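Undergrad: here is a sequence with its predicted model. Questions after.
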Amino acid sequence: MKKSLIALAVLAASGAAMAQSSVTLFGVVDATYAYGNGSVANRSQLTNSGYNSSRLGFRGVEDLGGGLSASFWLEAGLTNDDGRGGSTNTNNQTTGANASGGLVFNRRSTVSLNGGFGELRLGRDYTPQFWNLTVFDPFGTNGVGTTQTLNSSLGGPTTIRASNAIGYFLPGNLGGFYGQVQYYLGENASNVANKKDGNGLALRAGWANGPLNVAGAVSQTKFLNADIKAFNLGLQYDFGVAKLLTHVNRDDIKNGAEGTGWLVGALVPVGAGEIRVAYSTYEVDVAGPDPRSNKFALGYVHNLSKRTAVYATAAAVKNKNGAAQALNGSTTAAGRNSSGYDFGIRHSF
Amino acid sequence: MKKSLIALAVLAASGAAMAQSSVTLFGVVDATYAYGNGSVANRSQLTNSGYNSSRLGFRGVEDLGGGLSASFWLEAGLTNDDGRGGSTNTNNQTTGANASGGLVFNRRSTVSLNGGFGELRLGRDYTPQFWNLTVFDPFGTNGVGTTQTLNSSLGGPTTIRASNAIGYFLPGNLGGFYGQVQYYLGENASNVANKKDGNGLALRAGWANGPLNVAGAVSQTKFLNADIKAFNLGLQYDFGVAKLLTHVNRDDIKNGAEGTGWLVGALVPVGAGEIRVAYSTYEVDVAGPDPRSNKFALGYVHNLSKRTAVYATAAAVKNKNGAAQALNGSTTAAGRNSSGYDFGIRHSF
Amino acid sequence: MKKSLIALAVLAASGAAMAQSSVTLFGVVDATYAYGNGSVANRSQLTNSGYNSSRLGFRGVEDLGGGLSASFWLEAGLTNDDGRGGSTNTNNQTTGANASGGLVFNRRSTVSLNGGFGELRLGRDYTPQFWNLTVFDPFGTNGVGTTQTLNSSLGGPTTIRASNAIGYFLPGNLGGFYGQVQYYLGENASNVANKKDGNGLALRAGWANGPLNVAGAVSQTKFLNADIKAFNLGLQYDFGVAKLLTHVNRDDIKNGAEGTGWLVGALVPVGAGEIRVAYSTYEVDVAGPDPRSNKFALGYVHNLSKRTAVYATAAAVKNKNGAAQALNGSTTAAGRNSSGYDFGIRHSF
């Protein structure tokens, strides 16, 4: 989705400064048959986003001259099995949850100023701590294969995205070095005890050169007596015959639980397709034995074109010490295992 | 709406396989003044979809080569009198109702693989049993003239559409023979008594040749001790001076009521316009006298262009044995009559 | 947003009558940092629409020949700080409120027939009484500078827009004279006491010639024993070095409160930018001392292009006799003051 497949011709309203300007309509419709098996209940679904997240979006860039540009990005999640949109959160707190239903630009809703200095980005966007997980997961945190470091995460409402965010990205010409910082607001009134809840700060920095890509992210989100800190490190190395991906992740709730996990996986190109494989694990540090979930996932994607692919994935999770992670909508008892598979078609435009 | 009025130029991202590919933005905005008269209460409204259902959609086709193509279709209902979207249902059961509000792709939300074998279509779509009603209704199941076989239907949550559906359509080159099969999932957990609720299977087959089009549909949707079966047959014959349309319909709730109805109607071209007329009736078979509603509807559509039309329709319904069908938002007492009219403008793009 | 920045090529489906036809995708993404200070609580937000209302829209025109055309306009509000849509109202009464969440075409959702006679417009639209306020407010009723004649208004659910509206606009060739009338329906059943609630009628007429633009609007919305009448007059004069804007506004609830307010302001072009300044006041006539709020606002907009601008505004409001108007999400006690500022970026497409 990073390439502009469709560019609408812009009729210059005012002349000179319109060069290079465009508005793009884009999206993904990914439909999946998903089956989950658990010790309590199984489930069969025709669902969505087994390979890539279904979405509909509008984005554009305006060249302002002098190396400056302005851009916008509005991207809505789709549950295309039933036609609904996704869900967002207005204040980075549980009170701000906006239930799934009508179309919302929950995936991204930003306006940016871009130049030699980098990018200033305002609105709702991925958090740096999530971005550093998904980039180093062979399954891209979609479908039954999603890394257990995300599925078990203690990261709270900003685990994946944050609203009311002010983001800054370094420019792309730093010899492989990249980085971003994001500050987000909970927007509470100043006369309440939890006035800082939902405020947060996150950083991500990395280095990509040739076959190597390595990056780390750190974040803190304020909650009264329960700040959530996250830290993760990821690495990808392209051996040619395969890409190796690995990451470690740690979530820490102040006065509460801590969680630690890691993943090792690979992407193996095979003709027009790709084999995906990952082992991931997450353990929550509590009083008594620590609940832990270990997952193994294996999948194959077959590309019919750059835009259209069919795919299948199978995964199994082992739960220990009271963990009860279950796959694809199944339910499993504490300490019991779960497995699942999904297969489907992903079409992007 | 079946023709691509607007095709956005596709800039080939990857070259060869992009031929014939396109993304289309389309829609209908239909505004109607509607008046309903009933024995209890009348109602005046500026409403929508009096002639065609208001909608906004995005669809596209990608040529994959070798006779194969991939396509998507996202179509949202609009209540353009107040700016809201339509309503959908996530699980084909009453528990899955998603109230009208924000835009949802409730009308259709699918991704397809197409080829010489036909079409495999995944997502939310019309049910075959509904499609066979609307095609053989001169009023297309829109506005005050809508056939009583739909307005009185006992068909439950999948009367019109189903979510989580796997559909297959025969190819178009079978000498006039056409057909489709659709399987849809209720997606319940396996450990509940009503685990199959909302699962369903439906078939439609027909034959169109020259002036004749005839088709039948049959469906069964599972509900614990209350499966709903539907069966209907429709026929259209084009005499040149007029098209005759007729259908019969039967709904059967296991351990519950049965309903039977039929329609006879016609479409009469008159210059740039068309006269529409229909008589329809539906009777519910219960203990004691069977409630029955008989409806007569007459209308005229005047085409200002292929995309824009003005129209007017009037209808009256007679209720017997406790039936209380009322038109255009009016309320009528059991056994009392109701009438109504609407007139408006339909603009498509 | 009144200019068609993007025109999608229309492939003629039927030939001749398609000349001049187009469909346009348009929008505004405006992100703002907003701070409000009040005697009870302050608030910091990354919010939206500080300069222009954020929106996403689709509109189009079809030439019908003979001077006639049909057109549609679907425009959704955006809270781009969190990705949600706006809120609408289905029946022009408090019972019809549709909470903010999924995308709705709350800003405008209309279909029109246009010709030498003017324009007939059906659907949801601005009310004439609001339009006459916003046009004569240097801050365009957006952001912390918004005129107090709107912020304090007693106008009820149709203060800004009405659903179920039938509007008529005079043609544009009347030598500077312009006018519109709008009738809207509450759509209640006829057998309730408040059956006329939400019905309304509004008129606006004005004259624009050279540097002068003057207009008045009057409206009445029915509510049982509590009809709301509004009346306002606005004037703009362009002295070249600055535009002077002023308006007076009066709201009157039958058997209830009356409110009266006025504004004096100016727009001063400065190179690629514009200084905006306004003083506005609103007083509610009740038993005892009349609550009154006086506001002063000063801002600057710097245009980076026709589509992109950065801006900053500061404002302060003085409350008297129990008024408690507060700015930018702050809370202030009765009779205490409030202040606030916002700065941000507005990008349109």
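TA: On my side now, so go ahead. Computed from a prediction, not measured in an experiment: that's the story for all the values here. Numbers count the residues shown, from 1 in each chain, chains lettered A, B, ... in the order given.
Undergrad: export stretch A:303-321 as CSV, just CAs?
TA: Written as CSV, here are the backbone C-alpha positions of stretch A:303-321 (Å, rounded to 0.1, in the frame of the first residue of the first chain):
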residue,chain,number,x,y,z
ASN,A,303,1.1,-13.8,-5.3
LEU,A,304,-1.3,-13.8,-8.3
SER,A,305,-0.1,-10.2,-9.1
LYS,A,306,1.4,-7.4,-7.1
ARG,A,307,-2.0,-6.5,-5.9
THR,A,308,-3.7,-9.9,-5.4
ALA,A,309,-2.5,-12.9,-3.4
VAL,A,310,-4.0,-16.1,-1.9
TYR,A,311,-2.6,-17.3,1.4
ALA,A,312,-2.9,-19.9,4.1
THR,A,313,-1.5,-19.9,7.7
ALA,A,314,-1.7,-22.4,10.6
ALA,A,315,-0.7,-21.8,14.2
ALA,A,316,-0.7,-23.4,17.6
VAL,A,317,-0.3,-21.8,21.0
LYS,A,318,0.8,-23.6,24.2
ASN,A,319,-0.4,-22.0,27.4
LYS,A,320,1.4,-22.5,30.7
ASN,A,321,0.7,-21.4,34.3
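Undergrad: how far off centre is stretch A:49-56?
TA: Using CA atoms, centre = their mean, to the nearest Å, the distance from the centre of stretch A:49-56 to the centre of the chain it belongs to is 11 Å.
Undergrad: show the end-to-end separation of it, please.
TA: End-to-end distance of stretch A:49-56: 13 Å, with CA to CA, to the nearest Å as the criterion.
Undergrad: do the same with stretch A:95-103
TA: End-to-end distance of stretch A:95-103 (CA to CA): 20 Å.
Undergrad: need the residues that contact it.
TA: With contacts defined as CB atoms under 8 Å, 6 or more residues apart in numbering or on different chains, stretch A:95-103 is touched by A:56, A:76, A:78-79, A:84-90, A:104, A:106, A:157, A:163, A:198, B:76, B:85, B:98-99, B:101-105, C:82, C:84-85, C:101-104. C-beta here means a position set from N, CA and C on the backbone, and glycine is covered the same way.
Undergrad: show me these that map onto strands.
TA: Assignment to strands by DSSP state E places the following of those there: A:56, A:76, A:78-79, A:84-85, A:88-89, A:163, B:76, B:85, B:98, C:84-85.
Undergrad: related to what we said a few turns ago, what subset of the contacts of stretch A:95-103 is buried?
TA: A:56, A:76, A:78-79, A:84-90, A:104, A:106, A:157, A:163, A:198, B:76, B:85, B:98, B:101-105, C:82, C:84-85, C:101-104 (16 or more other CB atoms under 10 Å in any protein chain shown).
Undergrad: how about the helices of the stretch 51-200 of chain A, start to end?
TA: In order along the chain, the stretch 51-200 of chain A carries the following helices (DSSP state H, counting those that start in this stretch): A:128-134, A:148-151.
Undergrad: and chain B, which of the ones you listed is closest to it?
TA: Using CB to the nearest CB as the measure, helix A:148-151 is the one of those that comes nearest chain B, at 18.8 Å.
Undergrad: got the buried residues for the closest one?
TA: Residues of helix A:148-151 classed as buried: A:148, A:149, A:150, A:151 (neighbour count, 16+ other CB under 10 Å).
Undergrad: could I get those as JSON lines with pLDDT?
TA: Formatted as JSON lines, the buried residues of helix A:148-151 follow (pLDDT from 0 to 100):
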{"residue": "A:148", "pLDDT": "97"}
{"residue": "A:149", "pLDDT": "97"}
{"residue": "A:150", "pLDDT": "96"}
{"residue": "A:151", "pLDDT": "93"}
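Undergrad: near chain B too, which of the residues you listed?
TA: When CB under 8 Å from any CB of the partner chain is applied, no member of the buried residues of helix A:148-151 is adjacent to chain B.
Undergrad: what is the burial count for residue A:185?
TA: Residue A:185 has 23 neighbours, counted by other CB atoms under 10 Å in any protein chain shown.
Undergrad: report the closest residue of the stretch 201-349 of chain A relative to chain C.
TA: For the stretch 201-349 of chain A, CB to the nearest CB, closest residue to chain C: residue A:222, 13.1 Å.
Undergrad: ok, now which ones touch that residue?
TA: Shown in contact with residue A:222 (CB under 8 Å, 6+ apart): A:186, A:196, A:197, A:198, A:199, A:200.
Undergrad: tell me the one of those residues nearest residue A:173?
TA: Proximity of those to residue A:173 (CB to CB) peaks at residue A:200, which lies at 28.7 Å.
Undergrad: so residue A:161 makes contact with residue A:129?
TA: No: taking CB atoms under 8 Å as the contact criterion, residue A:161 and residue A:129 are not neighbours in contact, 10.6 Å apart.
Undergrad: does stretch A:58-77 come close to chain C?
TA: Yes: judged by CB under 8 Å from any CB, stretch A:58-77 comes into contact with chain C at A:58, A:60, A:62, A:64, A:65, A:68, A:70, A:71, A:72, A:74, A:76.
Undergrad: beta partners of the third one?
TA: Legend: beta-bridge partners of residue A:62 under DSSP bridges are residue A:70.
Undergrad: report how many residues lie close to it.
TA: Neighbour count for residue A:62, taken as other CB under 10 Å: 28.
Undergrad: roughly how far does it sit from residue C:306?
TA: Distance, residue A:62 to residue C:306, using CB to CB, to the nearest Å: 9 Å.
Undergrad: torsion angles phi and psi at the residue nearest to residue A:79 when sequence neighbours are not counted?
TA: The spatially closest residue to residue A:79, leaving aside those adjacent along the chain, is residue A:48, at 5.3 Å (CB to CB, 6 or more residues apart in numbering or on different chains). Note on residue A:48: backbone dihedrals following degrees, to the nearest 10 are phi -140, psi 170.
Undergrad: name whatever forms a beta bridge with residue A:48.
TA: Beta-bridge pairing of residue A:48 under DSSP bridges involves residue A:31.
Undergrad: what is the burial count for it?
TA: Other residues near residue A:48 come to 30 when the count uses other CB under 10 Å.
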